[in-house]
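[1] Kindly generate the corresponding structure for this input.
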Amino acid sequence: MKADRFQELASAAGPFASVYFEDTHTTEDAAKVAELTWRAISEKLEELGVSEEVRAHVEHAVTEGPTPVGTSGRAVVANADRVWVDERLVRPPLQTEVRWSDGPYLIPLVEHGSRGRPHLVVRVDHVGADLTVHDRNGAVVHEETVEGDDHPVHKASGAQTPGYGDPEPPVEEQRRRNIAKVAERVTELADEYGTDPVFLIGEVRSRNDLADALVSRTADVAVQVETGSRAEGSDPAQTRAALDEGLAQQRLAEMDEAAERFRAGAGTGLAVEGLAEVTAALRERRVESLIIGDLGDATVLVGDDPSVVAQDSDALSAMGSENERVCRADEALPVAAAVTGADRLVRIDERLSPADGIAALLRY
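    Below you'll find the model as predicted:
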């Protein structure tokens, strides 16, 4: 996930309530379950000593938001000023998690957040396509329709057979031209808005033809979605589930790339692991990608601002920091990466087991 989506949040004043829970809505008693879930969250917030102001922000987000469709998770992060995060999770958490801490807890968002990058949704057939650009928060920022020429794009039948002048070649040529027109506009929008991924929705042949027609830089970020079509009546819930699956698959690809780059960079100075080396790289603003494994209950020291993190007081003093706080590493390190200009936060699974549960790819 792009780290810069958290820069403003990471620089805000704490403390923060960070809440992650399942809000699946697939059964008749879903509303009752949601009520019980909020009651448990509210009790936990009170137990942790969360201020009434912050509890009110969280309650409004949890209880007044739109009713979810199907299997779903939610993330809510708030401080006294506002709700900073209120979004769906691609995968619901295994259990409800509620924290009250100096900084926001971001790891579940990195792993399963449904936002974080602009993306382009293309509903295509052989006549044209409907194009929708979403920003990193999921809001629609641009919509348009691309239509090809009004000539037939279906093979003729009956008397129009090969024996009477085969119409298939001009039909195929028209399909090719329509797809080429869509592909050109898709690339223009992808370049303009920096969309990654580009989701291709439609029947199999249309999707494949469009994928083949895209220039390489756009094809590299294209994800074919097997559910949904351009035709009216396509199930929005199924399409949303398919897009979520596409995001999940892309994150798996990010994990593969991060693990491969880490192994290639080990011993070269371009990849480090362990709390001591990663915190040093963060202080020096050299981290390009923070790779987050199982940090457990590890802690680090945080200095005058969130960018100053260390394992010992001497390192903080060397940075001129006059204060130090003991913070959970799984909260402090992603925040430090965001405010020091890291490019990506990558939640890693068993494909890589870095020392202390943390690693980084470095710029230099």
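[2] From now on I want contacts and neighbour counts done on CA atoms only, so please keep to that.
    Fine.
[3] now the longest helix along the chain: mean pLDDT?
    For the chain, the helix with the greatest residue count under DSSP state H is helix 236-265. On average, the pLDDT along helix 236-265 is 82.
[4] could you say what helices and strands whichever helix or strand comes after it packs with?
    Next helix or strand after helix 236-265 toward the C-terminus (DSSP states H and E): strand 271-273. Counting contacts by 3 or more Cα pairs under 8 Å, 6 or more residues apart in numbering; DSSP states H and E, strand 271-273 packs against helix 236-265, strand 358-362.
[5] Show me where this structure dips below the pLDDT cut-off.
    Along the chain, the model assigns pLDDT under 70 to residues 68-69, 115-116, 137, 150-169, 232-239.
[6] Leaving out chain neighbours, which residue sits closest to residue 219?
    residue 211 (6.2 Å; Cα to Cα, 6 or more residues apart in numbering).
[7] Go ahead and confirm that neighbour touches residue 222.
    Yes. Between residue 211 and residue 222 there is a contact under Cα atoms under 8 Å: 7.3 Å.
[8] Looking at the two, which is more packed in?
    The neighbour count for residue 211 versus residue 222, taken as other Cα atoms under 10 Å, is higher for residue 222 (23 against 20).
[9] intersection of neighbour lists for residue 211 and residue 222?
    Here residue 211 and residue 222 have residue 200 as joint contacts, going by Cα atoms under 8 Å, 6 or more residues apart in numbering.
[10] the helices in the protein, which residues?
    7-11, 30-47, 52-64, 107-112, 168-193, 204-213, 216-219, 236-265, 275-283, 313-318, 329-339.
[11] which of those is buried the deepest?
    Of all the helices of the chain, helix 329-339 carries the top mean neighbour count, a mean of 25, counting by mean count of other Cα atoms under 10 Å.
[12] Give the full set of residues in contact with the closest residue to residue 229 other than its chain neighbours.
    Residue nearest to residue 229 in three dimensions, not counting chain neighbours: residue 202, with 4.1 Å by Cα to Cα, 6+ apart. Residue 202 makes contacts with 123, 124, 125, 225, 226, 227, 228, 229, 230, as judged by Cα under 8 Å, 6+ apart.
[13] Recalculate using a threshold of 10 Å.
    122-126, 129, 208, 210, 224-231, 234 (Cα atoms under 10 Å, 6 or more residues apart in numbering).
[14] same question, residue 305
    11, 321, 323, 324, 336, 339.
[15] Looks like residue 283 contacts residue 316 (just checking).
    Yes. Counting by Cα atoms under 10 Å, residue 283 does reach residue 316; the two are 9.4 Å apart.
[16] and for these two, which residues touch both?
    By Cα under 10 Å, 6+ apart, the residues touching both residue 283 and residue 316 are 308, 309, 310.
[17] Of these, which is the most crowded?
    residue 309 (32 neighbours).
[18] on that earlier part again, dump the residue contacts of the residue nearest to residue 219.
    Per Cα under 10 Å, 6+ apart, neighbours of residue 211: 179, 183, 200, 205, 218, 219, 220, 222, 223, 224.
[19] May I see the residues you listed organised as TSV, with distance to residue 254 added?
    Below are these laid out as TSV (distance: Cα to Cα, whole Å):
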residue	distance to residue 254
179	29
183	25
200	20
205	28
218	17
219	17
220	13
222	14
223	14
224	17
